Structures are given as structure tokens and as C-alpha cells.
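J.: fold the stuff below for me.
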Amino acid sequence: MTLRAPEDKVSSKARLNWLLRQIKRTETDDIFIRLSWPGTSEPTQFPLLQLLQDPGVINEGKERLATHSFHIFLSKRTGARFTQQTNFIVDLETYVPDFYDRIGSKLSAWKKPAPKIKPDRPLADDVTPKAISEESGSFEIS
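T.: Residues are numbered from 1 along each chain as shown. As a prediction, the model looks like this:
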């Protein structure tokens with residue numbers, strides 16, 4: 001599953017903590033998080049357990065960058081079972097619902113917060129949709 005990182009957080013660690021708060025009760029060694037970075041910077045990948053213990057590890061070598069998305073995935077070693085079509089289907093039917101139950105069902109996409117009305121708006125014309133949208137800048141209504 002891929003989620004866009006929250007844009008209202010400045011540091012990558014704060015963005016990661018937003019994600020980890022959603023899945024903090026899931027501690028398994030087969031869940032990984034791949035972080036995408038801007039520009040030509042290569043993605044980085046960490047086990048969930050490592051990030052739960054030390055979220056600051058994501059900044060090593062990327063101190064001046066802010067991650068823009070997270071890819072959360074389950075990685076299982078199946079060995080020779082992968083080469084047998086019947087076993088592959090059985091494993092797939094087991095792992096996908098398990099991943100969704102442990103991780104996918106707990107994740108929610110980040111949404112931009114609604115613009116706030118300034119307290120110094122005493123007139124009705126100050127709170128028209130046009131006046132508020134001009135102040136909010138790039139806020140999108142979905």
C-alpha cells in the first residue's frame with residue numbers, strides 16, 4: 001500500500017511518526033516501509049520494527065530532504081513454494097487478507113486540513129467562499 005506523506009509536517013521523522021501512529025500495534029518482522037524522496041534521490045527501505053525502535057534512522061544521508069510517500073509492504077520468504085502454482089495461489093490467498101487485517105485496514109490517507117478563519121474577520125464579506133479561498137491558497141476541496 002502506498003500513502004502520500006503529510007505535507008503539513010516539515011521533517012521526515014514527523015511525517016514517519018504520522019504513519020507509525022497508525023500501525024504502532026503491529027510488530028512483525030515481515031513488514032517493511034519504503035520511503036520515497038524528492039528528485040533523483042533513491043528510495044530507502046527499513047523493517048517496521050527498526051523504525052518503531054528508532055524513527056530517526058531515516059534521516060541518515062537525507063538530512064535536507066523530506067520524504068513524500070511511504071510504501072508499506074509484506075515480504076515473505078516462500079522458497080520453493082513460489083515455483084509451484086498451487087502453493088503460490090494458496091499463499092497469496094493467505095498473505096493478502098493477513099496483510100490487510102494487520103496493516104491495510106488501519107491506514108488512512110492524509111488530507112489537507114481545512115483553512116482556518118482568522119479572528120479579525122468581522123464583516124460578512126470577509127468570510128465569503130471567495131475571500132476564504134483566496135486566503136487558503138492551494139487548498140483543494142474534494
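J.: let me know the average pLDDT across the longest helix anywhere in the chain.
T.: If you go by DSSP state H, the chain has its longest helix at helix 85-102. Mean per-residue pLDDT for helix 85-102: 85.
J.: pLDDT weak spots in this structure?
T.: Residue ranges of the chain with pLDDT under 70: 27, 117-118, 121-122, 124, 126-127, 135-142.
J.: strands along that one, start to end?
T.: 2-4, 31-36, 44-47, 69-74 (DSSP state E).
J.: check those for me and report the most buried one.
T.: Of all the strands of the chain, strand 31-36 carries the top mean neighbour count, a mean of 19, counting by mean count of other C-beta atoms under 10 Å. Quick note: C-beta positions are derived from backbone N, CA and C, even for glycine.
J.: now do that strand: distance to the chain's middle.
T.: 9 Å (C-alpha atoms, centre = their mean, to the nearest Å).
J.: which residues are in contact with that strand?
T.: Identification of contacts with strand 31-36 by C-beta atoms under 8 Å, 6 or more residues apart in numbering yields 12, 16, 19, 23, 43-48, 51, 58, 67-75, 102-103.
J.: give me the contact list for stretch 53-69.
T.: By C-beta under 8 Å, 6+ apart, stretch 53-69 touches 2-5, 10-13, 15-17, 20, 35-39, 41, 44, 46, 50-51.
J.: I am finished for the moment; much appreciated.
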